[in-house]
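Q: model the following, please.
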Amino acid sequence: MNANIARAGLLLAMLAVAGCNGSTTFEDISPQANKQLPPKILAQMKAKGMPRNSPVMARVFKEEGKVEIWKQKTNGRYDMIAAYDICKWSGKLGPKFIEGDRQAPEGFYAVRPHQMNPRSNYHLAFNIGYPNAFDRAHGRTGSNLMVHGACSSSGCYSMTDEQIEQIYAFGRDAFQGGQTEFQIQAFPFRMTAANMARYRNDPNYEFWTMLKEGYDHFEITKVPPKVDVCEKRYVFNRIPEGGAQFGSASDACPPFTQPDSLKTAYQSYRSTYEAAFSSAVNSNVPAPKPTIAGLKEASLVSEWTRKRARGERVPVEPPSLSHDGKVTATSRMGRIDSPAGKRLAALEAAEAAKKQAAEAKKRAAEEQAAAALAAKAAAEAPAPVETAVVPTPAPVAVQAPPAEKPGLLGNMTRRITNMFGS
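A: As a prediction, the model looks like this:
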């Protein structure tokens, strides 16, 4: 019993001051990396009892599009000090599977000083540490997955330049205060009962349920959970017993213990959650957002990415695979603005210009030939023959007979006319 109490005290101590022992050298070598936090945030930190150089932690929520910064107070617990709208992230809800699938990672990651990049092409950046032990145990691949500025993403979490300056400053100050690494918890959505109910039929649900245990531990303790991987699963706040240690991420989990206070609080939390989950299942909730359909869809997108990087003409948006196996792709085609793409586009433009010139030359030749034929036909046609025009005789007027006179005189006139003629 005393041993368990001692281990529980050790765990709480570890959770309270994780990464704060020792010293770290950290040099900022660009003006934007040297920018200090705004006075308003510094005043809020002071009001909440947060030393300027105390440890930090970050949480990312894809569906809500948020990055939260949590900072340790003098009592050892963490409180949120800032929240930022993600400017852009690519892919869908669900984990990253392979290089080129354009998925932003989900899981528990650690950022160390050497992962901070003060001279990033994206203003400022830090590598989140993908792939971690869990990702590698599942054969997941990818590199250079960042939180950075410039509001442009191909698998990263991209912020505005002003936002990344502040987020970077939180990490920089914590490292200067002695924190050796800070945790990033990346989730598909806030893991509430209502949201879990919405996605209960999703292929990624088992993975998300595993992440939720770490989410819940933080919600209960307000201390970043101790994260390990065994049997290819995340496990949280487990302290090996009898001198055992966590080995490879694929190895069996060692015997472990947890503080009784944590176990009791977690059981109570789960009871409340399960009641809320059952209620949410039977209520009207918003429709779920699109999620990645596993490795098969990741492979389709990865192949699209490779073609795009080579400068080939591809659909302007990556293909999508529904969970029933139907592939959807946009009809509009385009190229990436890359050296390979520019070269191929220039070759296509030159070929199109050459074809257009040839067609114009052909049309001109055809028009010239048609004109020549018309001129020849006109020259060879016989002269027209003139014909005499006979004038039409004028019509002869016919004199009408004189009108008969009435009565005796008229009768006498007719008799004389009949005797001698008219």
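Q: tell me the phi and psi of the residue minimising distance to the centre of the chain?
A: The C-alpha lying nearest the average C-alpha coordinate of the chain belongs to residue 90 (CA atoms, centre = their mean; 3.1 Å). Here is the backbone geometry of residue 90 (degrees, to the nearest 10): phi -110, psi 170.
Q: shouldn't it be in contact with residue 155?
A: Yes: using CB atoms under 8 Å, residue 90 is in contact with residue 155, at 5.6 Å. For glycine as for every other residue, the C-beta is placed from the backbone atoms N, C-alpha and C.
Q: overlap in contacts, the two.
A: Residues touching both residue 90 and residue 155 (CB atoms under 8 Å, 6 or more residues apart in numbering) are 102, 103, 104.
Q: what's near enough to touch the first one?
A: Counting by CB under 8 Å, 6+ apart, residue 102 touches 90, 91, 154, 155, 301, 305, 318.
Q: residue 270 now?
A: Shown in contact with residue 270 (CB under 8 Å, 6+ apart): residue 216.
Q: does it sit in a helix, a strand or a coil?
A: Following DSSP: H, G, I helix; E, B strand; the rest coil, the label given to residue 270 is helix.
Q: numbering from 32 from now on, please.
A: Renumbered: residue one is now 32, and that last one reads residue 301.
Q: tell me how far it lies from residue 92.
A: Distance, residue 301 to residue 92, by CB to CB, to the nearest Å: 21 Å.
Q: low-confidence ranges, the protein, go.
A: Counting by pLDDT under 70, the chain shows low-confidence ranges at 32-60, 366-377, 379-380, 414-453.
Q: one more time with 50, if that's ok
A: The chain contains residues with pLDDT under 50 at 32-59, 429, 436, 439-440, 447, 451-453.
Q: quick one, domains of it?
A: For the chain, automatic domain parsing gives the domain ranges 33-312, 324-388.
Q: ok, which stretches of this structure are helices?
A: 33-48, 70-78, 164-168, 192-207, 224-229, 236-252, 291-312, 325-340, 370-411, 438-451 (DSSP state H).
Q: now render those helices as CSV, adding distance to residue 62.
A: Listed next are these as CSV, based on distance: least, CB to CB, whole Å:
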stretch, distance to residue 62
helix 33-48, 32
helix 70-78, 19
helix 164-168, 34
helix 192-207, 10
helix 224-229, 41
helix 236-252, 35
helix 291-312, 44
helix 325-340, 32
helix 370-411, 30
helix 438-451, 138
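Q: deepest-packed of those helices, please.
A: Most buried of these by mean neighbour count (mean count of other CB atoms under 10 Å) is helix 192-207; its value is a mean of 22.
Q: now it against helix 70-78, angle please.
A: Interaxial angle of helix 192-207 relative to helix 70-78 (axes from the mean of the first three to the mean of the last three CA atoms, to 10 degrees): 40 degrees.
Q: just to revisit the earlier point, quick check: of the contacts of residue 133, which lies closest to residue 86?
A: residue 186 (27.4 Å; CB to CB).
Q: was I right to think residue 236 contacts residue 230?
A: Yes: under the criterion of CB under 8 Å, residue 236 makes contact with residue 230 at 5.8 Å.
Q: tell me, how many residues neighbour residue 362?
A: The tally of other residues near residue 362 (other CB atoms under 10 Å) stands at 6.
Q: is the residue nearest to it when sequence neighbours are not counted in a bridge, and if so with what?
A: Of all residues not flanking residue 362 in the chain, residue 346 sits nearest, at 7.2 Å (CB to CB, 6 or more residues apart in numbering). On the basis of DSSP bridges, residue 346 is bridged to residue 364.
Q: residues touching residue 346, list them.
A: Applying CB under 8 Å, 6+ apart, we find residue 346 in contact with 335, 360, 361, 362, 363, 364, 365.
Q: can we see that at 7 Å?
A: Listed by CB atoms under 7 Å, 6 or more residues apart in numbering, the contact set of residue 346 reads 360, 361, 363, 364.
Q: and if you look at residue 68?
A: Contacts of residue 68 by CB under 7 Å, 6+ apart are 197, 200.
Q: try it again at 6 Å.
A: For residue 68, the contact set (CB atoms under 6 Å, 6 or more residues apart in numbering) comprises residue 200.
Q: got it, and residue 186?
A: Contacts of residue 186 by CB under 6 Å, 6+ apart are 121, 133, 135, 176.
Q: and these as TSV, adding distance to residue 314?
A: Shown next, in TSV, are the contacts of residue 186 (distance: CB to CB, whole Å):
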residue	distance to residue 314
121	32
133	34
135	30
176	36
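Q: out of the residues you listed, the closest to residue 308 would be?
A: Taking CB to CB as the measure, residue 308 lies nearest residue 135 of those, at 26.2 Å.
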